[in-house]
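Asker: The sequence isn't on hand, but the structure is:
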C-alpha cells in the first residue's frame, strides 16, 4: 500500500497494540511510541480516557510526586502499557540495557537498566520497540539480563512483554512457550529478510501477513492532530515527518 | 520563691530539659510543652537554632510532606525531643494511651496510642508530661502498653524517656535500672505528698531539692516574648496566664 | 442535600474499606450525611492516621464494622462518644495502630510492595494485638535485630476535602501529602472541594506542586465549607463550640440521633 | 567562580557518598567546577535515579571511586564518554541498579527503616551483581513469593539546583519531590538556586506546598542558570548543542581536560 510512510506504519501498529489502555507511559526520546500513544488517545476520544505520560517532559507529564511516581503508578496497577528498547533482545524476550561483553567491564557500555528491572515485571503490556532489526540487536542470548522476559512460577509477575516491533515486522510473545511468533511483516520487507536479520529462533506461520496500514480516516488523524501534538515535544522528529510527507505528495 | 506561677515553673523546667536540642515537636493541645520549647528557643537565640513544630498547627508547623513527616524526621534522627502524656504511666515508664481495664473492651477508653509506639523508640529525649499527679495516673503497672519505657538488648532503641514532669515534681528516668528517681519537688509541694500520690516505687534522695525557679531575666523573657508567641496558637491558655499574672501583681 | 454529594455516596458498597483523613488535613464532613443517607454498612474505616467527628458519626449511624486507627477523639472537645460506646459494647472490631504504621501500610500500597518495615513497636501491646503484622529479624543485621513488617493497606475508597479542584479532575491538596498517599493507595478517591476552578492546576509549576493528578481521582463535588465544623488549612478555622455541642449531644444514642436529625448550616 | 559556591564545595570530604539528581530534575551544574577545584576525591556517587553530565565530569576529573546508578548518559547527546571509559578500564566500582530500587533505598533512609522491599528484580543480572541486596520469602504469602529487600541509602551530602530559596533557608522544589527525598535521606544538602527571595516560602500554603523546609538544607547559594547546559523545569530549556559539544570533546582524556579548562558562560 503506497502513500503510507514507514514511520506511520510503526505508529499505527503501536496504537493497535495499545487498544484498551487507560494509562501509558513513554520514556524520554521516544517519538514513535509517543505518537502511537497519542493516536490511541485520539482514536478513543469520547469512548474512554487514555492518559499519556512522557518521562522528562514538562508538557506531557502530569505526575507531581517526582520521578518515583511512574514506578509507584505501575506498582498500583494503574500503568497499563510501557515501552522498552534494549541494546540486545533475545528469543526469550530478555532485555539487555547495560552492555555487551563481560560485566562489569563491558566492551560496549550502554546507559543502564533504567526502570526496566521493575516495570517489565509490573506493567501488563510492555511493548518491545527497537527500530534496528539486526543480529547485533536481536540475539540468541543477551550478555546481561536487565529484565527477563518470563519468570518462574511463584515469582510475582503481573507484567511482561506482549510484542516486539522493529522496522521490519511485528512479533507477538507467548510467555508459556516462551518465545516470539512473527505476526506480520511491514510493507517493503519479507519474511526471508526478517529470518536473515534475526539472531534468535521464532515461530512463523506458513504465510505471514503484511502489517495492517492505517485507513484514510486514521491517516488524517495521524497527520493532523497527532502530528501537531507530537511537534510540541519532538519538534525535530515532527519536522522530519512533515518533510517526508511533502516528498510523498510531490 | 513567691512571684512565680506554678505553670511558669513547669514551663521553665521543660526549657531546662530541652537544653541543647535542635528540633522539638509538640503534640496538639499542649500549651505548656509548647511554651517550654518557645522559652528554650528564646534562651538559645544567637547561639544555636532551635526549631519547633506544633502538630496540627498551621502557624507553627514547617513540615510540608503531610502528617508522616514528623515520624520520618524522627526516623532520620533529626527530632531530638518530644512529649508524651498518658492515661497511665508506670514505674518502668511504660505508657498507656489506649484505655483502662481489659483490651479491647476497655472500661475507660482513651483516644489511642497516636505515634507513641514509634516516637518513644526513636526520639532520644522523650519528656513524659502529665499535670495530674495521682495514683490513678501513676500506676504500678499499666493496663496496656502503648509504648514501653525500655527495651531488651538487641531491640533498636535510640530513643526513650528521660524525665517525668507533673504538677508536683520532676522525676528523672534511669533506663539501666529501670526506674524513676525523684529529682525535685515544685514549690508548695512536699516529698511526702508526692509519695502519697504516686502509685509506683521510685528512688529518692534523702533530701529532695526544690525545683529551680526562673530568674528575673528568664521570667521577663517568659512573660514577654514567650507569652506573646504562645498566644497565637493557644489564646485561651495565654489569657488564663495573663489573668493569673494580674492576680499575682494585685 | 446536594445531588452530586448523594451520587458520590452511592459509590460506597457494603463491606468496603474506607480511608478518612486526620481532622486537620481536610475531612469531607459534607459527605457524612450523604453516606449515612445512602446507608451502605459493614464498613471498615481506616483513619489516616487518627479519626474524629466523621468516624464517630458513621459509627453512631451503625454503618461501621471495624476501625483501624491510631486514635479517635474530638480533640479539644474530648473523647469521641459513639466510638467509645462502641468499644465498650464490643460493637466494632478495633485495630489499634500507631500513626507511622498506618502511613507505612499506605506507602506499601503506593509502592506496590507487599509490606513495609517499621522501627519501634517491639514490646508494645499494640503489636501484641495485631495478628496481621509480622516480626522478622532484619536480614541486614549480623544477628537478632527484630523489625516489624506492616502489610500493605489497600482501601477501596478514600474520601477527603480540599480547597480546590479544576474541571479536569485535578485536586489541589497543598502540603497535605497524606491526602495524596490515601488516593495512591486506594482504588477510588471521592473528593469534595471548596471551589472548582476553570484553569488547569497542572499548567503552571506553582499550583502543580500541590496537585493530586486526576489519575487518582474518581469524582469531585463542590461543597463550600465542606469540612465544617472542622477547619480547612489556609481557608477557615475549626468551630470548636460545635464539636463541644456534638460531644454533649452524642453521649447517648438518642442525643446522637437528635443531633444528626438537625439541618446542617449552609 | 563564586566564593559562596567554593565555600559550599569545601564541605565535601574525600570518601563521601554524594547524591545527585536526574538531568531533568535540577542538576547543580554550577557546583561541578567548584567541586573539581576543591578536589575531594574517592567519592561514591549516587544517581537519583540516573546520571549525566555532572557525573561524567566528576569521573573525568578523577574524583570518583564508585557509582550507584540506574543509567548514565547524555540523553540526546549519546553515551557519557568519561563514564563509559571508566567502566571499560574498571576504574570505578559500579553498582548497577534500577530506578525504583534507588528510590526505595532513599525512602528507607527517609523513614528510618533498615530496608524497603521491592517487586521485580528476581532473575535479573542487576540483582545477581548486588551482594548488598537480599531476597526473602514474603512473610505474608502462604509460601514462596520471593521479594527483594533494598537496604537504606544514607548519602552524606545531596547536591541539587532549584528555582528559588528564601532567606530563611527554605527551598522551593515544586513537584520535583525526588529532591526532597534526597535531602531527607542525606545528612547534608547543598543547594544552588536561580534566586533568593525575601518572603518566607512557608508563609502561604501555595508556595509551602512545593517547599523543602530549611531543616533539611545545610547551605544555599544563588547561581543563576545554575543547571546550564541542562534546563530547569519552568525556567529554561536544555542546551542540547552544548551537551553534544561536550560529548565530542570528552571522547578523549585530553579533549575532556581542554573542555573543562574553558570558562563557563555566565
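Answerer: Alright, I've got the coordinates. Since this is a predicted model, take the numbers as computed values, not measurements.

Asker: Quick check: bridge partners of the residue nearest to the spatial centre of chain A?
Answerer: Centrality entry for chain A: nearest residue to the mean C-alpha point is residue A:129, 3.3 Å, by C-alpha atoms, centre = their mean. For residue A:129, the beta-bridge partners under DSSP bridges are residue A:165.

Asker: what residues are up against it?
Answerer: Contacts for residue A:129 (C-beta atoms under 8 Å, 6 or more residues apart in numbering or on different chains) come out as A:14, A:30, A:32, A:33, A:83, A:84, A:85, A:164, A:165, A:166. From N, CA and C alone the C-beta is placed, and that goes for glycine too.

Asker: in chain A, which helix or strand is least confident?
Answerer: helix A:227-233 (a mean of 89; mean pLDDT, DSSP states H and E).

Asker: Which neighbouring elements make contact with it?
Answerer: Judged by 3 or more C-beta pairs under 8 Å, 6 or more residues apart in numbering or on different chains; DSSP states H and E, helix A:227-233 is in contact with helix A:31-44, helix A:235-249.

Asker: the strands in the stretch 1-150 of chain C, which residues?
Answerer: C:17-21, C:43-48, C:64-69, C:93-96, C:115-118, C:134-137, C:146-151 (DSSP state E, counting those that start in this stretch).

Asker: now the angle from the second one to strand C:64-69?
Answerer: Strand C:43-48 runs at 20 degrees relative to strand C:64-69, counting by axes from the mean of the first three to the mean of the last three C-alpha atoms, to 10 degrees.

Asker: From the rest of the structure, what touches strand C:43-48?
Answerer: B:67, C:12, C:14-22, C:25, C:51, C:55, C:58, C:63-72, C:93, C:102-103, C:106, C:153, C:155, C:178, C:181-182.

Asker: Please enumerate the helices of chain A.
Answerer: With helices called from DSSP state H, chain A shows them at A:6-17, A:31-44, A:69-75, A:116-122, A:191-197, A:216-221, A:227-233, A:235-249.

Asker: How about the second one and chain D, any contact?
Answerer: Going back to what we said before, that points to helix A:31-44. No: Helix A:31-44 stays out of contact with chain D when judged by C-beta under 8 Å from any C-beta of the partner chain, the minimum separation being 11.3 Å.

Asker: Against which helices or strands is that helix packed?
Answerer: Where contact means 3+ C-beta pairs under 8 Å, 6+ apart, helix A:31-44 is packed against helix A:6-17, strand A:23-26, strand A:51-54, strand A:125-129, helix A:216-221, helix A:227-233.

Asker: between the ones you listed, which gets nearest to residue D:209?
Answerer: Shortest separation from residue D:209 across those is recorded for strand A:51-54, at 20.9 Å, computed as C-beta to C-beta.

Asker: Given that closest one, what are its sheet partners and their directions?
Answerer: By DSSP bridges, strand A:51-54 pairs with strand A:23-26 (parallel).

Asker: What parts of the stretch 101-250 of chain C come near chain A?
Answerer: The stretch 101-250 of chain C has residues C:109-113, C:170, C:180, C:184-185, C:202, C:208-216 near chain A, with proximity defined as C-beta under 8 Å from any C-beta.

Asker: So which of these reach chain D?
Answerer: Okay, of these touching chain D (C-beta under 8 Å from any C-beta), that's C:111, C:112, C:113, C:208, C:209, C:210, C:211.

Asker: Look at the residue lying closest to the third one once chain neighbours are set aside and say how many residues are nearby.
Answerer: So the one you mean is residue C:113. Once flanking residues are discounted, residue C:113 sits nearest to residue D:117: 4.8 Å by C-beta to C-beta, 6 or more residues apart in numbering or on different chains. Residues near residue D:117, counting by other C-beta atoms under 10 Å in any protein chain shown, number 22.

Asker: where's residue D:117 relative to residue D:143, distance?
Answerer: 17 Å (C-beta to C-beta, to the nearest Å).

Asker: do the same with residue C:207
Answerer: 48 Å.

Asker: Do you know the pLDDT at residue 131?
Answerer: With no chain named, the answer covers chain A. The model reports residue A:131 with a pLDDT of 97.

Asker: my bad, chain C
Answerer: 97.

Asker: For residue C:165, what are phi and psi?
Answerer: phi -130, psi 160 (degrees, to the nearest 10).

Asker: Wait, it touches residue C:192, no?
Answerer: No: judged on C-beta atoms under 8 Å, residue C:165 makes no contact with residue C:192 at a distance of 9.1 Å.

Asker: intersection of neighbour lists for these two?
Answerer: residue C:220.

Asker: Surely residue A:147 is in contact with residue A:117?
Answerer: Yes: Residue A:147 is within contact range of residue A:117, at 5.1 Å (criterion: C-beta under 8 Å).

Asker: Now do the shared contacts for these two.
Answerer: Joint contacts of residue A:147 and residue A:117 (C-beta under 8 Å, 6+ apart) are D:120, D:124.

Asker: Just the pLDDT for residue A:30.
Answerer: For residue A:30, pLDDT reads 89.

Asker: What are the neighbouring residues in contact with it?
Answerer: The contact partners of residue A:30, by C-beta under 8 Å, 6+ apart, come to A:54, A:83, A:129.

Asker: From the residues you listed, pick the one nearest chain C.
Answerer: Proximity of those to chain C was ranked by C-beta to the nearest C-beta; the top entry is residue A:54 with 13.5 Å.

Asker: Quick one: low-confidence residue ranges for the chain.
Answerer: Unless you meant another one, I'm taking chain A. Within chain A, the ranges that satisfy pLDDT under 70 run A:1-2, A:56.

Asker: switch to chain C, that's the one I care about
Answerer: For chain C (pLDDT under 70), the answer is C:1, C:265-266.

Asker: again, only this time at 80
Answerer: The model of chain C has pLDDT under 80 over residues C:1, C:263-266.

Asker: Could you pick out the longest helix of it?
Answerer: The longest helix of chain C (DSSP H) is helix C:99-111.

Asker: Give me whichever of the helices and strands packed on helix A:227-233 is most buried.
Answerer: helix A:31-44 (a mean of 24; mean count of other C-beta atoms under 10 Å in any protein chain shown).

Asker: quick one: it to chain centroid distance?
Answerer: Put simply, helix A:31-44 sits 12 Å off its chain's centre (C-alpha atoms, centre = their mean, to the nearest Å).

Asker: before we move on, what about stretch A:36-56?
Answerer: 15 Å.

Asker: quick one: contacts of it?
Answerer: A:10-15, A:17-28, A:30, A:34, A:60-63, A:67, A:70, A:81, A:218, A:221-222, A:225-226, A:229-230, A:233, C:215, D:23-24.

Asker: Equivalent analysis for stretch C:258-266, please.
Answerer: Contact with stretch C:258-266 is made by C:33, C:36, C:57, C:60, C:61, C:225, C:228, C:245, C:246, C:249, C:250, as judged by C-beta under 8 Å, 6+ apart.
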